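> structure, please.
(2 chains)
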Amino acid sequence: MAAVTALNESPAAASAGQPRGMQVRRRRRLNVFRYVVFTVFGLFFALPLLAMLRFSLEGAKLGTWSLTAWRQIASFQGTGVPPLISSIELTLELAVITCVVMLVLLVPTMIWIRLRVQWLTRTMEVLCLLPLTIPAIVLVVGLGPIYNRIQHYELSALMLFWVYVILALPFAYRALAAGLSAIDVTTLSEAARSLGASWFTVIVRVIAPNMRQAILNALLLTAALVLGEFTIAYLLLYNNLQEELYSISRNTPNAGVVYSTSFAALLFAFVLLLILSYAGRRRGGRG
Amino acid sequence: MAVAATSETGARPSRAGRRLAAPAWVGTVPFLAYVAVFLLLPTGIVVVDSLKNPNGAWAFANVTELGNPLVRGYFIGSFKLCVLSSVSGAVFGAILAYAIASGNPDGTVRRLYIAVSGVLAQFGGVTLAFAFLVLIGPIGLLIHASWYFDFPWGIGLIYTYFQVPLMVLVFLPAIDGVKVQWREASENLGASAWQYWRYVGGPLLMPAFLGGLLLLFANALSAFATIQAWENQIAYIVPQQISTALSSEVGLSNVNTADLLALGMVIMVAIVMTGYALLQRRAARWLR
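Numbers count the residues shown, from 1 in each chain, chains lettered A, B, ... in the order given. Now for the predicted structure:
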């Protein structure tokens, strides 16, 4: 078959005389195209990350290997900024707080709206997706006065969680909405109610456990978002991980620790999101 | 509990809820209040302050400052970067999506690329600028590209890195929706590959492609961290100028510069996202 197709030079001749031959040839050409595309894009995606990894392993002399930059993560102290490790801790704490607040705020409200106030569904959706259309840089301009008020009571950078919950809303909402629409909320709640459960029990002990996967997805997306956030922390003059890395790179050019920490943070986020994409698949039909 | 006792089922929520002493919507108040304070209020502040002068008096003439050559320059810079990165991202993303879609739907390659796209589409930020700096920047391990600090080419390439995966995620469902029967039908009628793409496949995919393009445009428009870490001395685009205006208070006289620029951005994003929604609706027609 391959020999036949090779003889057919023009597509017109092939389609007229040898329809099957043309298909084999097309499939082969398509496969060549696919492998070229996958290789080129694979390199495009992998090379910057590999370069960062290699740079983080650079020794004192160019071209040598060393683990210094990775050891420094725990001890690095830049000029004029807090120790690196403290901003790592702070960012992890922020991720946890943001996740908890997001869950407490969003899950019961979404279930409640689904069960009892369906006329609010559309409003809820619009509100949750709104942060996608309002850039963080715009939000931060309007947040200035509000954060002035907050700083009156509490100076800690942990206060960033208030706005991080907003940034996470669209991602968390979509994950949770997918989970909520996959279960029969009405039947579950009727069954629980007729057995005497309170609404609190219905939401927390009956419906929420049934959307475990969606809740996990929402948590992972939220955590990944907090780990990578820079704009708002930078402009409100707070010191989170990304802001710290930025400051170090400004004050100490070519500091290896910037690359090792960035790579570690990235790897952590990768793992979170890969867990998501694999755990989500097992149930099937996601998104 | 009192609320609960009077309404027996969850099936007729709105009616049952409204009749009660404490209506059911009261349960959504914490969420609505939170969103009002941290999302709607800041947006409102931006809009109101952009129409006032720094003394607090109304000054609707501020809007004309958006036409000021200096301000216009930043919007043009933003526009250039967004067009460059969204067009390249959309074209390459569409090619990659086509390559993915034409393979085995349960294959490893497809799964891998979708998972990686999901991760990389979110991978903007400071780290991305660092990664390209050590790949092709002045201390690059691959090449020392002389154009690395050129605007918009150097930063456009960096933006493409997160635009391509986003396009893959948005465009793949549309390509998956193209049925093999359509191709067979056009072949049976004697169409060449070019004719198929020109008259059948292309027009079918065009709304989804343009919608993806607009989404990428909005995505690039609001990105700030990457370009700030790439080059923090010169402001090329609106978000950088907002940042400068916020931290230095130097800007246009008699205008709340940051608020005004932010308002301009909101308007731009709103236009782009409206177009996106309309195109998505059109594209969805063929995906059912």
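> where does the stretch 151-287 of chain A dip in pLDDT?
For the stretch 151-287 of chain A, the stretches with pLDDT under 70 are A:277, A:279-287.
> give me the residue from it nearest chain B.
For the stretch 151-287 of chain A, the residue closest to chain B is A:F230, as judged by C-beta to the nearest C-beta, at 3.8 Å. For glycine as for every other residue, the C-beta is placed from the backbone atoms N, C-alpha and C.
> hang on, that residue packs against B:V126?
Yes - counting by C-beta atoms under 8 Å, A:F230 touches B:V126, with 5.2 Å between them.
> what residues does A:L225 make contact with?
A:164, A:167-168, A:171, B:122 (C-beta atoms under 8 Å, 6 or more residues apart in numbering or on different chains).
> will you turn these into a markdown table that also has neighbour count and distance to A:A51?
Shown next, in a markdown table, are the contacts of A:L225 (neighbours: other C-beta atoms under 10 Å in any protein chain shown; distance: C-beta to C-beta, whole Å):
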| residue | neighbour count | distance to A:A51 |
| --- | --- | --- |
| A:Y164 | 25 | 30 |
| A:L167 | 25 | 29 |
| A:A168 | 27 | 30 |
| A:F171 | 21 | 29 |
| B:Q122 | 18 | 20 |
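> residue nearest the centroid of chain B?
B:N219 (2.5 Å; C-alpha atoms, centre = their mean).
> do a quick rundown of the helices in the stretch 151-287 of chain A.
Remark: helices assigned in the stretch 151-287 of chain A by DSSP state H, counting those that start in this stretch are A:161-181, A:185-194, A:199-201, A:208-210, A:212-228, A:231-235, A:241-251, A:256-283.
> just checking, what packs against the helix or strand hosting B:G154?
In the assignment (DSSP states H and E), B:G154 maps to helix B:153-176. Helix B:153-176 sits against helix A:19-56, helix B:69-101, helix B:108-120, helix B:125-136, helix B:202-222, helix B:225-230, with contacts defined as 3 or more C-beta pairs under 8 Å, 6 or more residues apart in numbering or on different chains; DSSP states H and E.
> go again with 10 Å.
helix A:19-56, helix B:69-101, helix B:108-120, helix B:125-136, helix B:202-222, helix B:225-230, helix B:257-284 (3 or more C-beta pairs under 10 Å, 6 or more residues apart in numbering or on different chains; DSSP states H and E).
> would JSON lines of the ones you listed with mean pLDDT be doable?
Formatted as JSON lines, these follow (pLDDT from 0 to 100):
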{"stretch": "helix A:19-56", "mean pLDDT": "86"}
{"stretch": "helix B:69-101", "mean pLDDT": "93"}
{"stretch": "helix B:108-120", "mean pLDDT": "83"}
{"stretch": "helix B:125-136", "mean pLDDT": "89"}
{"stretch": "helix B:202-222", "mean pLDDT": "90"}
{"stretch": "helix B:225-230", "mean pLDDT": "90"}
{"stretch": "helix B:257-284", "mean pLDDT": "86"}
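> could you point out which of those sits nearest A:V96?
helix B:125-136 (20.1 Å; C-beta to C-beta).
> hmm, that closest one in reach of chain A?
Yes - contact of helix B:125-136 with chain A (C-beta under 10 Å from any C-beta of the partner chain) involves B:125-136.
> now stretch B:227-238
Yes - using C-beta under 10 Å from any C-beta, stretch B:227-238 reaches chain A at B:228-229, B:232, B:237-238.
> so which of these is the closest to chain A?
B:A229 (5.8 Å).
> give me the number of residues near the closest one?
Applying other C-beta atoms under 10 Å in any protein chain shown, we find 24 residues neighbouring B:A229.
> re earlier: list residues touching both of A:F230 and B:V126?
A:241-243, A:245-246, B:225-226, B:228-229 (C-beta atoms under 10 Å, 6 or more residues apart in numbering or on different chains).
> what would those look like in a markdown table with distance to A:L105?
Output for those, formatted as a markdown table (distance: C-beta to C-beta, whole Å):
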| residue | distance to A:L105 |
| --- | --- |
| A:L241 | 24 |
| A:Q242 | 24 |
| A:E243 | 25 |
| A:L245 | 29 |
| A:Y246 | 30 |
| B:A225 | 26 |
| B:T226 | 30 |
| B:Q228 | 30 |
| B:A229 | 32 |
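> in those residues, which residue is surrounded by the most others?
Counting by other C-beta under 10 Å, top hit in the shared contacts of A:F230 and B:V126: A:L245 with 28 neighbours.
> quick one: contacts for that residue?
A:78, A:81, A:84, A:87-88, A:230, A:255, A:257-259, A:261-262, A:265, B:125-127, B:130, B:229.
> list only those of these flagged as buried.
A:78, A:81, A:84, A:87-88, A:230, A:255, A:257-259, A:261-262, A:265, B:125-127, B:130, B:229 (16 or more other C-beta atoms under 10 Å in any protein chain shown).
> quick check, A:E229 in contact with A:V140.
No - with contact defined as C-beta atoms under 10 Å, A:E229 does not reach A:V140; the gap is 11.0 Å.
> what touches both of those two?
A:V163.
> got any ranges where the stretch 1-150 of chain A has weak pLDDT?
For the stretch 1-150 of chain A (pLDDT under 70), the answer is A:1-22.
> go with 80
The model of the stretch 1-150 of chain A has pLDDT under 80 over residues A:1-23, A:26, A:60-63, A:78-80.
> all helices of it, in order?
A:2-7, A:11-17, A:19-56, A:68-72, A:84-115, A:121-133, A:136-153.
> out of those helices, nearest to chain B?
Checking the helices of the stretch 1-150 of chain A against chain B by C-beta to the nearest C-beta gives helix A:136-153 as the closest, at 2.9 Å.
> hmm, the closest one in reach of chain B?
Yes - contact of helix A:136-153 with chain B (C-beta under 10 Å from any C-beta) involves A:136-147.
> how about stretch B:76-85: buried residues?
So for stretch B:76-85, counting by 16+ other C-beta under 10 Å, buried means B:77-79, B:81-82, B:84-85.
> please disregard the earlier target; I meant stretch A:258-278.
Of the residues in stretch A:258-278, A:258-263, A:265-266, A:269-270, A:272-273, A:276-277 count as buried by neighbour count, 16+ other C-beta under 10 Å.
> what is the nearest of those to A:L94?
Among the buried residues of stretch A:258-278, A:A265 lies closest to A:L94 (C-beta to C-beta), at 13.0 Å.
> let me see the contact set for the spatially closest residue to the closest one that is not a sequence neighbour.
In this structure, A:A265 finds its nearest non-sequential neighbour in A:L227, 5.9 Å apart by C-beta to C-beta, 6 or more residues apart in numbering or on different chains. Neighbouring residues of A:L227 by C-beta under 10 Å, 6+ apart: A:88, A:91-92, A:94-95, A:240-242, A:265-266, A:268-269, A:272, B:125.
> and of those residues, the nearest to A:Y153?
Distances from A:Y153 to the contacts of A:L227, taken by C-beta to C-beta, are shortest for A:L94, at 17.8 Å.
> distance of that closest one from B:T108?
36 Å (C-beta to C-beta, to the nearest Å).
> more neighbours: the two, which one.
In terms of neighbours (other C-beta under 10 Å), A:L94 is the more surrounded of A:L94 and B:T108; the figures are 24 against 9.
> wait, the more buried one touches A:L158, no?
Yes - applying C-beta under 10 Å, one finds A:L94 in contact with A:L158, separated by 6.1 Å.
> and for these two, which residues touch both?
A:238, A:240.
> could you check how many residues crowd around the residue lying closest to A:T68 once chain neighbours are set aside?
Excluding the flanking residues, the one nearest A:T68 by C-beta to C-beta, 6+ apart is A:G256, at 6.5 Å. A:G256: 21 surrounding residues under other C-beta under 10 Å.
> give me every residue that touches A:G256.
A:55-60, A:66-70, A:72, A:76 are the contacts of A:G256 under C-beta under 10 Å, 6+ apart.
> biggest separation within these, which pair?
A:G59 and A:F76 (16.8 Å).
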